[in-house]
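**Student:** Compute the structure for the input listed below.
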Amino acid sequence: MFGQNRRELKIIAVVIVVVACIGALVAFTQEPLNIHYPDEFAVLTDQDFQLIWRDYTLNIGSTPGETIMEYYPDGYMLGLSTVFSLSKDNILFTFTEDENILHRAHIENPALSTSRGVHVGDSFQLVIDRYGNQYAWVDNGQADCFDAVYGSDNSRCIIFQVREGLVKRIILQNDP
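**Tutor:** A predicted model of the protein is given here:
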């Protein structure tokens, strides 16, 4: 009986060691992230957090979740989360847990622009032309693949995910 328990303990110990080794290998082979900060952050206005989609104006940081669901009845909640998907439009909306207020939009739809006219698929140079060069960015050493963050903190910012010099995703976040 004790021999069986020892055998099982050895198997468990071997599994734990193998998993730890794989985890360490993955952690040490990842490229380090480089974080760059501007001398001064860009100033964003309330209008920067407005989206107009299908004839409705949405204010990131103040539009109630119920209003979004009323405007877009073809969307759906993802499981028991606070994420509302307009999958055919490639847009995700995230609501606050307690107040159910729209506080984040993930945009992958080239037809939807920011209030300053930047679309998914535009060059990052257009982003700089419209928003300025006062942004923070995170990269892993590749010059044309990075995330650019406009705004002074994580609660009120616009993130442009840039791959191969083009905007692939836009995230607007404005916590109420």
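**Student:** how about the helices in the protein?
**Tutor:** 2-29, 65-71, 124-131 (DSSP state H).
**Student:** ok, the closest residue to residue 66 other than its chain neighbours - contacts?
**Tutor:** With sequence-adjacent residues excluded and distances taken as C-beta to C-beta, 6 or more residues apart in numbering, residue 66 is closest to residue 100, at 7.0 Å. The C-beta positions use only the backbone N, C-alpha and C, and glycine is treated the same way. Shown in contact with residue 100 (C-beta atoms under 8 Å, 6 or more residues apart in numbering): 64, 65, 66, 82.
**Student:** how much space between residue 100 and residue 63?
**Tutor:** Per C-beta to C-beta, to the nearest Å, residue 100 is found 10 Å from residue 63.
**Student:** Quick check, residue 88 in contact with residue 74.
**Tutor:** Yes: taking contacts as C-beta atoms under 8 Å, residue 88 lies within contact range of residue 74: 7.1 Å.
**Student:** re the thing from before, to residue 44, which of the helices of the chain lies closest?
**Tutor:** helix 124-131 (8.5 Å; C-beta to C-beta).
**Student:** Other residues contacting that closest one?
**Tutor:** 42, 114, 116-118, 148, 150, 158, 160, 162, 165-167.
**Student:** Show me which residues of that helix are buried.
**Tutor:** Buried residues in helix 124-131, defined by neighbour count with 16 or more other C-beta atoms under 10 Å: 124, 127, 131.
**Student:** want to throw those residues into TSV with distance to residue 143 and pLDDT?
**Tutor:** Putting the buried residues of helix 124-131 into TSV (distance: C-beta to C-beta, whole Å; pLDDT from 0 to 100) gives the following:
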residue	distance to residue 143	pLDDT
124	11	97
127	15	98
131	19	97
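**Student:** Once you drop chain neighbours, what's closest to residue 83?
**Tutor:** residue 94 (5.3 Å).
**Student:** let me fix that: residue 104
**Tutor:** residue 94 (4.0 Å).
**Student:** Same check on residue 101?
**Tutor:** residue 176 (4.9 Å).
**Student:** what sits against the one you found?
**Tutor:** Going by C-beta under 8 Å, 6+ apart, the list of residues near residue 176 reads 61, 62, 96, 99, 101, 103.
**Student:** now the protein, which segments are flagged as low pLDDT?
**Tutor:** For the chain, the stretches with pLDDT under 70 are 1-4, 21, 24-31.
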